[in-house]
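> Here is my input; please provide its structure:
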Amino acid sequence: MAITTHETDTDIQDRAILVSLVTDEIKRTGLDPEYSLQELVQLAETAGVEVLDVLRQNKETPDSRWFIGKGKVEEVRMAAEALGANTAIFDQELSGAQVRNLEEALDLKIIDRTQLILDIFAGRAKTREGIIQVELAQLSYLLPRLSGHGKNLSRLGGGIGTRGPGESKLETDRRHIRDRIGELKRQLDEVVKTRTLHRERRRKSGAVQVALVGYTNAGKSTLLKQLTDADVYIENQLFATLDPTSRAFELPGGKEVVLTDTVGFIQNLPHEVVAAFRATLEEVNEASLVLHVVDASSPNREEQMEVVQRILGELGAAGKPQIVLFNKIDICSPEQREMLPSGPGYLKISAFSPDDLARVAEAVQDELSGETLTFRIPGNRGDLSSLLYRVGDVLDQTFDGSDILYHVRLNKDDYEKWGYQLAEYVDESAEQPAEES
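The predicted model follows:
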């Protein structure tokens, strides 16, 4: 759906020129500026913007006044006039002063990559938590730049960079915006408390959590739907899913785990987004296993995987057990398939293949299955018997006088959570049953 800007009585679609500045610092980071620019095109199209042209400039450092060089500003102005553009979108983050100077020089709406991502998030958020998080991220981004968004503020009512908080909030002074940020943080704290209670309830029930993570548009939501019959929004767009979704996922042995979809990652994910969505993203830290979904057909597959691993590290989840699922194998060329890593911890799948879905379920069960132990439980301790069935895979049970011997497979996380209740009942002298092949 196209985004429109209400500048006159007639709705005018955002028609944009995209601008990228490649500095020496960007070159040192090893990030591919061309890939980032391709992604900016996708982001703009996801926001309903018509992309008219793409301009690049190589420069040692950003210009403090214009961000790009003065000559390049003139080139953008001439291109905008010739093509009929009404917006310029920059692939890097701009300061408030740079936005103001560029607006005056170009007479265009000026948007940067962060603002564009936040705008897409504003259109995707559906739950109360998601809406609060997006508005908090937008206002946190806006506050230090307030003096630089003169024309953008006067053009509110629609269009990229203006969706979400709205005119009544953005045109107030810094004090009112700070007050609003404080109120949003209080509301978010309440939501976080509720989420924490849900986590505690899951822990107490022995529920095992598995998190789906991956680059945006890798196919996480499709996989969740196929594995659990979840009713989730699926679209071939960046950030089609914003609000996390958790569903029960039954493993081949009959045990249920909680499978949680998370917001997709992206290169240069704005720190305002990471900060605002930390409570949601920290679902990954609660997981016993991470399923890293990768778009195997993407020519930028390796860079996308690196971004995901870096963000997992920032969240403190880098050491989590992980299975890499190379998704969309059905649309890969033979050469692409051959380049994919193989071996333990890697699966090549299509989310639409029942056989591949069965392999994913088996792999999750195998990864979650750990050491097999025998517990000698007194016959009058039904609470402990129930606990074993909830947190482990009971392979066998036999009666020995007034006791029941349970042969149970427990993963490391489960044993760390529940071992204090069960440790004294481990019977190391009991004969272990043969493992199933």
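
> so Lys320 sits right up against Glu286, yeah?
No: if you go by Cβ atoms under 8 Å, Lys320 and Glu286 don't touch, sitting 10.0 Å apart. Yep, even glycine has a C-beta here, placed from its N, CA and C like the rest.

> Neighbours of the closest residue to Ile266 other than its chain neighbours, how many?
Excluding its sequence neighbours, the residue lying closest to Ile266 (Cβ to Cβ, 6 or more residues apart in numbering) is Thr216, at 5.1 Å. By other Cβ atoms under 10 Å, 25 other residues sit near Thr216.

> which stretches of the stretch 251-400 of the chain aren't confidently modelled?
Along the stretch 251-400 of the chain, segments meeting pLDDT under 70 span 276, 278-280.

> Which parts of it are strands?
256-261, 289-295, 322-327, 346-348, 371-378, 393-400 (DSSP state E, counting those that start in this stretch).

> got TSV for those strands, with distance to Lys72 and mean neighbour count too?
Output for the strands of the stretch 251-400 of the chain, formatted as TSV (distance: least, Cβ to Cβ, whole Å; neighbours: other Cβ atoms under 10 Å):
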stretch	distance to Lys72	mean neighbour count
strand 256-261	41	21
strand 289-295	33	24
strand 322-327	39	23
strand 346-348	44	17
strand 371-378	62	18
strand 393-400	63	14
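
> Report the contact partners of Val54.
With contact set as Cβ atoms under 8 Å, 6 or more residues apart in numbering, Val54 has these partners: Ile17, Leu18, Val19, Ser20, Leu37, Val41.

> where does it fall, phi/psi-wise?
phi -130, psi 130 (degrees, to the nearest 10).

> Next, work out how far apart it and Glu75 are.
12 Å (Cβ to Cβ, to the nearest Å).

> quick revisit: looking at the strands of the stretch 251-400 of the chain, which is nearest to Ser429?
Of all the strands of the stretch 251-400 of the chain, it is strand 371-378 that lies closest to Ser429, at 8.5 Å by Cβ to Cβ.

> in the stretch 101-250 of the chain, what spans have low per-residue confidence?
For the stretch 101-250 of the chain (pLDDT under 70), the answer is 147-173, 203-206, 230-244.

> Could you rerun that using 80?
Scanning the stretch 101-250 of the chain for pLDDT under 80 picks out 126-127, 145-174, 192, 195-196, 198-207, 230-245.

> can you pull out the strands in it?
109-112, 209-214, 245-250.

> Next, format these as JSON lines and append mean neighbour count and distance to Ala85.
Output for the strands of the stretch 101-250 of the chain, formatted as JSON lines (neighbours: other Cβ atoms under 10 Å; distance: least, Cβ to Cβ, whole Å):
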{"stretch": "strand 109-112", "mean neighbour count": "26", "distance to Ala85": "10"}
{"stretch": "strand 209-214", "mean neighbour count": "25", "distance to Ala85": "34"}
{"stretch": "strand 245-250", "mean neighbour count": "17", "distance to Ala85": "38"}
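
> most neighbours, which of the contacts of Val54?
Ranking the contacts of Val54 using other Cβ under 10 Å puts Val19 first, with 27 neighbours.

> Residues in a beta bridge with that residue, which ones?
Judged by DSSP bridges, the bridge partners of Val19 are Leu55, Phe90.

> in terms of contact, does Ala85 touch Val19 like I think?
No: judged on Cβ under 8 Å, Ala85 makes no contact with Val19 at a distance of 10.9 Å.

> ok, now which ones touch Asp229?
Arg247.

> how much space between Ala82 and Arg186?
Taken as Cβ to Cβ, the span from Ala82 to Arg186 is 50 Å.

> what's the answer for Thr29, then?
Thr29 is 37 Å from Arg186, by Cβ to Cβ.

> okay, now Asp366: neighbour count?
With other Cβ under 10 Å as criterion, Asp366 counts 12.

> any idea how far Ala358 is from it?
Separation of Asp366 from Ala358 (Cβ to Cβ): 13 Å.

> which residues pair with Thr372 across the strands?
Bridge pairing for Thr372 - DSSP bridges - gives Arg409.

> What number of residues are in the vicinity of Phe90?
Every residue meeting other Cβ under 10 Å relative to Phe90 is counted, giving 25.

> Repeat that for Val391.
23.

> quick one: it and Arg409 touch, right?
No: using Cβ under 8 Å, Val391 is not in contact with Arg409; the gap is 10.4 Å.

> What sits closest to Thr415 if chain neighbours are left out?
Actually, residue 415 is Tyr. It isn't Thr. Spatial nearest neighbour of Tyr415, chain neighbours left out: Gly370 (6.9 Å); criterion: Cβ to Cβ, 6+ apart.

> I'd like to know how far that neighbour sits from Ser36.
Going from Gly370 to Ser36 by Cβ to Cβ gives 41 Å.
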